[in-house]
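Engineer: would you be able to build a 3D model of this:
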Amino acid sequence: MLQRAEPRSRPDRNTRSHWRRCATLWTLGLALTGLIATARPGNGQSAANETPIEFSIPAQPLISAISRYGDATGSEALYDASLAIGRVSGDVQGVLTPSEALQRLLARTGLSARFVAEGTFVVLPAPPATDQATAQSSSPAYHRYYALVQESLLDVLCQLSGARPGRYRMIAVFWIAPSGAVEDAWRIGTAGSADADQQIDTALRKVRFREPPPAGFAQPVRILIVPQAPGVNPGCASADARLRAAGGAR
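Structural biologist: Alright, predicted model coming up:
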């Protein structure tokens, strides 16, 4: 999805705008019923199939190199194209596992990659690793709040008539204010139509969590939403049940 930055105070809007342009997708979070999923920090996730294959990807503009890597491995990359502008890939030649090849591809670019689902990886600026960040990511309070965030987000998205999760892949990125309201949000990826994307954008900015984030909670929050597939539990079923129980049946 992915590493996490060291916990810090919420940045000002100019800093958030810089992060938006850079699409710094440090992962935070857990899996949510198999439909909304993010990688656990530092777990070293890799491609499902690590069988060595022959690569021949010479050094070239990074965007085209990532595309060639995807063609060779069948993997899908999620990233902001502005990250790759002006960057040149490493030379990738020979028989390598997909993870080894991807590491060489991004060598000396200042970027890293992390598989967040089978056959799907994100490209992101390589953040520094810290003991404090690792300790926070494994704390019970951290996991409990992330479960609350994911449940609340799913409840909102599953009410969208034209953009219910299950048919698209995207990353939701947002900041949570001390009040529990989302104060800034955007998405990376598309639900397939301008109307659906607009519904999602509007919904993300209206999400309000019933609790404020814990002290030191690193932001922004980034959650990968994946399409329904064999073995992937449709998360909207649990969201619909919660809405019915609350008297909000659609």
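
Engineer: okay but Trp186 is in contact with Asp201, surely?
Structural biologist: Yes. Contact status for Trp186 versus Asp201: in contact at 7.4 Å, counting by CB atoms under 8 Å. C-beta coordinates here come from the backbone N, C-alpha and C atoms, glycine included.

Engineer: and the residue nearest the centre of the chain, what are its bridge partners?
Structural biologist: By CA atoms, centre = their mean, the chain has its centre lying nearest to Leu224, at 4.0 Å. For Leu224, the beta-bridge partners under DSSP bridges are Ala37, Ile171.

Engineer: and what of Arg208?
Structural biologist: Beta-bridge partners for Arg208, by DSSP bridges, are Ala181.

Engineer: what pLDDT is listed against it?
Structural biologist: Per-residue confidence (pLDDT) for Arg208: 91.

Engineer: so who does it touch?
Structural biologist: Taking CB atoms under 8 Å, 6 or more residues apart in numbering, we find Arg208 in contact with 152, 179-182.

Engineer: for this structure, name the helix or strand with the lowest mean pLDDT.
Structural biologist: Taking mean pLDDT, DSSP states H and E as the measure, strand 36-37 is the helix or strand of the chain with the lowest mean score, a mean of 37.

Engineer: distance between the single longest helix found in the chain and the chain's centre?
Structural biologist: As assigned by DSSP state H, the longest helix anywhere in the chain is helix 140-157. Relative to its parent chain, helix 140-157 has a centroid offset of 15 Å by CA atoms, centre = their mean, to the nearest Å.

Engineer: could you list every helix and strand in contact with that helix?
Structural biologist: Under the contact criterion of 3 or more CB pairs under 8 Å, 6 or more residues apart in numbering; DSSP states H and E, helix 140-157 touches strand 36-37, helix 194-206, strand 221-225, helix 236-245.

Engineer: how about the second one as PDB, C-alpha atoms only?
Structural biologist: Just to be clear, that refers to helix 194-206. C-alpha atoms of helix 194-206 as PDB (Å, rounded to 0.1, in the frame of the first residue of the first chain):
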ATOM      1  CA  ALA A 194     -17.300  10.900 -14.000                       C
ATOM      2  CA  ASP A 195     -20.600  10.600 -12.100                       C
ATOM      3  CA  ALA A 196     -19.400   7.800  -9.900                       C
ATOM      4  CA  ASP A 197     -16.100   9.600  -9.200                       C
ATOM      5  CA  GLN A 198     -18.000  12.800  -8.200                       C
ATOM      6  CA  GLN A 199     -20.200  10.800  -5.900                       C
ATOM      7  CA  ILE A 200     -17.100   9.300  -4.200                       C
ATOM      8  CA  ASP A 201     -15.300  12.600  -4.000                       C
ATOM      9  CA  THR A 202     -18.400  14.300  -2.300                       C
ATOM     10  CA  ALA A 203     -18.900  11.300   0.000                       C
ATOM     11  CA  LEU A 204     -15.300  11.300   1.200                       C
ATOM     12  CA  ARG A 205     -15.400  14.900   2.200                       C
ATOM     13  CA  LYS A 206     -18.600  14.400   4.200                       C
END
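
Engineer: so which bits of it are buried?
Structural biologist: Neighbour counts over helix 194-206 (16 or more other CB atoms under 10 Å) mark 196-197, 199-201, 203-204 as buried.

Engineer: orientation of it relative to helix 140-157 in degrees?
Structural biologist: 140 degrees (axes from the mean of the first three to the mean of the last three CA atoms, to 10 degrees).

Engineer: which residues touch helix 194-206?
Structural biologist: Contacting residues not belonging to helix 194-206 are listed as 156-157, 159-163, 168, 170, 172, 174, 182, 184-187, 190-191 [CB under 8 Å, 6+ apart].
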